[in-house]
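Chemist: structure for the following, please:
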Amino acid sequence: MPLGKAADRVGALAAEVQSYCAANAIPSQASRWARYFTEGYDAWGLLDKNHPTWTEQQQSWLEQYRDLGLRGFLKLGERLFQSGKYEEGALAIRFLKERRDQLDAKTFAALGKWFQAGIGNWAHTDVLCGEVIAPLLESRRIVLAALAAWRQSELKYQRRAVPVAMLGLLKAPAKLGPLLEFLRPLMMDPERVVLLKFHSFARREDSGWQPVSDAPQQLYH
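Modeler: As a prediction, this is how the structure comes out:
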């Protein structure tokens, strides 16, 4: 698909998603889960798992815009996360999950732009890792080197994504040492949402490993 046409199609779907969500918004439900997001939560109130957004409407969009391809849905994710609305980010992840197996080291780089666009909470980060990134690591479609630069990101949720995505590697026999060495740049991360996941990863496999004594004790509970 020519670049101009592809951009038009991405824009059309983004507008359609946003228009649909606005038209079906349930204000009384919009703040239902806000207590779990200390840094703010902006939603349309459509998170009921049985809402048509997540059943027939999501599938309808996937079929109608199948021609976008992997790169188109990666671009769409940037557009949807820019809005800050929770459901739009969730849809971006669901769309990408359908094309997860098309991602490789080259196309994976575009996923980092989602954090720059607006991934700003633990839930989107962890779902993206669990549904997309961790399976790619487990299947070896990507290797840890693809996440190396994320460890130094200025965006804390992009840094958090590294240990969360790596949790899947603990399902298969593997030496913990090299994995912890890869995570070493995060072991004294100033952000709690990152540091907690580092220690969670370390304790998952090796009960004898002790967190560094300089870190605040409240992080270990």
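
Chemist: please count neighbours and contacts with C-alpha atoms only from this point.
Modeler: Noted.

Chemist: strands of the chain, residue ranges please.
Modeler: Per DSSP state E, the chain carries no strands over any range.

Chemist: if you tally nearby residues, what's the number for residue 19?
Modeler: Residues contacting residue 19 under the criterion other CA atoms under 10 Å number 12.

Chemist: next up, the contacts around it.
Modeler: Not one residue lies near residue 19 by CA atoms under 8 Å, 6 or more residues apart in numbering.

Chemist: now it: how far from residue 13?
Modeler: Using CA to CA, to the nearest Å, we find residue 19 at a distance of 10 Å from residue 13.

Chemist: shouldn't residue 114 be in contact with residue 78?
Modeler: Yes - using CA atoms under 8 Å as the test, residue 114 is close enough to residue 78 to be in contact (5.2 Å).

Chemist: so what's the residue nearest to the spatial centre of the chain up against?
Modeler: Closest residue to the average C-alpha location of the chain: residue 128 at 2.8 Å, with CA atoms, centre = their mean. Residues in contact with residue 128 (CA under 8 Å, 6+ apart) are residue 93.

Chemist: quick check, pLDDT for it.
Modeler: The score at residue 128 is 96. That number is its pLDDT.

Chemist: check residue 39 too.
Modeler: Listed pLDDT for residue 39 reads 88.

Chemist: go on, residue 175?
Modeler: 77.

Chemist: over to the one 5 residues further on?
Modeler: Residue 180 is assigned a pLDDT of 91 by the prediction.

Chemist: and the nearest residue to it once chain neighbours are set aside, how many residues sit next to it?
Modeler: Nearest-residue entry for residue 180: residue 202, 6.9 Å, with adjacent residues in sequence omitted and distances by CA to CA, 6 or more residues apart in numbering. Here the count is done by other CA under 10 Å, and residue 202 has 23 residues near it.

Chemist: please consider this matter closed, and thank you.
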